[in-house]
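1. Show me the folded form of this:
(chains A and B)
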Amino acid sequence: GIQVEQSPPDLILQEGANSTLRCNFSDSVNNLQWFHQNPWGQLINLFYIPSGTKQNGRLSATTVATERYSLLYISSSQTTDSGVYFCAVPFWGYQKVTFGIGTKLQVIP
Amino acid sequence: DSGVTQTPKHLITATGQRVTLRCSPRSGDLSVYWYQQSLDQGLQFLIQYYNGEERAKGNILERFSAQQFPDLHSELNLSSLELGDSALYFCASSVKDRDRTDTQYFGPGTRLTVL
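-> Predicted structure coming up:
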């Protein structure tokens, strides 16, 4: 099956800093999704992004499918951004979905 | 609040037992997805239903089964429970049938502890 690697595994940021999270995948996929799990366990769907770039407020994501990676950018981080960020592939159609192990982000005031 | 409800919030049971987890999707959502999150396996997609029909299967064990009822709520049945089944079980719902433009909304999860 597809292998998904996320980096870094852990990240500590000062509030206001920017960060880039990376997701590498081992095979061609037709879609990719980013999730955020907050410290209370709630999961939130951030982006479906098969290719190109999408932006939602301070968050944006870019997927370069031909090179098998996706990046999640968090700008001007806030303490509410803390939690674990997961990527998952593929996320469309009826193929087996594989999640990365996540990047744990802690934003400190 | 995502609008997706899951019951119970916590469940403690013994090995060998059977439990049922319930999920009510957001009003108007036709798809329901089940996920398992454990320390050992991380996040895993289990199964998806759309308007009562099974659409996609992930890493769901044969001891587990699910269904979606005419009122669109879904139940995940776990039987012959083992210690390794202890996990957080999430349900999510979406309007469409796993469309790339569709957003999944997650419930708060049911934490299952098998002793």
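
2. For A:Tyr73, see how far away B:Thr113 is.
-> 37 Å (CB to CB, to the nearest Å). Where C-beta positions appear, they are placed from N, C-alpha and C, glycine not excepted.

3. all helices for chain B, in order.
-> With helices called from DSSP state H, chain B shows none.

4. Please list the residues of it that sit near chain A.
-> B:2, B:35, B:42-45, B:55-56, B:58-59, B:88, B:90, B:92, B:98-106, B:108-109 (CB under 8 Å from any CB of the partner chain).

5. any low-confidence regions in chain B?
-> Confidence mapping of chain B against pLDDT under 70 gives the ranges B:97-101.

6. Can you pull up the most central residue in it?
-> Chain B has B:Trp34 as the residue nearest its centroid, 3.0 Å off, counting by CA atoms, centre = their mean.

7. where exactly do the strands run in chain A?
-> Assigned by DSSP state E, the strands in chain A fall at A:4-7, A:10-14, A:19-25, A:33-37, A:43-48, A:52-56, A:59-64, A:69-74, A:83-89, A:98-99, A:103-108.

8. Turn the buried ones among the residues of chain B next to chain A into a named ChimeraX selection, would you?
-> To isolate the buried ones among the residues of chain B next to chain A in ChimeraX, judged by 16 or more other CB atoms under 10 Å in any protein chain shown, type:
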select /B:2,35,43,44,45,55,56,58,88,90,92,98,100,102,103,104,105,106,108,109
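
9. Looking at the residues of chain B next to chain A, which are in strands?
-> Those of the residues of chain B next to chain A mapping onto strands are B:35, B:42-45, B:55-56, B:88, B:90, B:92, B:105-106, per DSSP E.

10. So what pairs up with the nearest residue to B:Cys91 once chain neighbours are set aside in the strands?
-> Distances taken as CB to CB, 6 or more residues apart in numbering or on different chains put B:Cys23 closest to B:Cys91, at 3.3 Å, once the chain neighbours are dropped. Assessed by DSSP bridges, B:Cys23 has beta-bridge partners B:Gln6, B:Ser74.

11. tell me the contacts of B:Cys23?
-> Counting by CB atoms under 8 Å, 6 or more residues apart in numbering or on different chains, B:Cys23 touches B:4-6, B:32, B:34, B:73-76, B:91, B:93, B:107.
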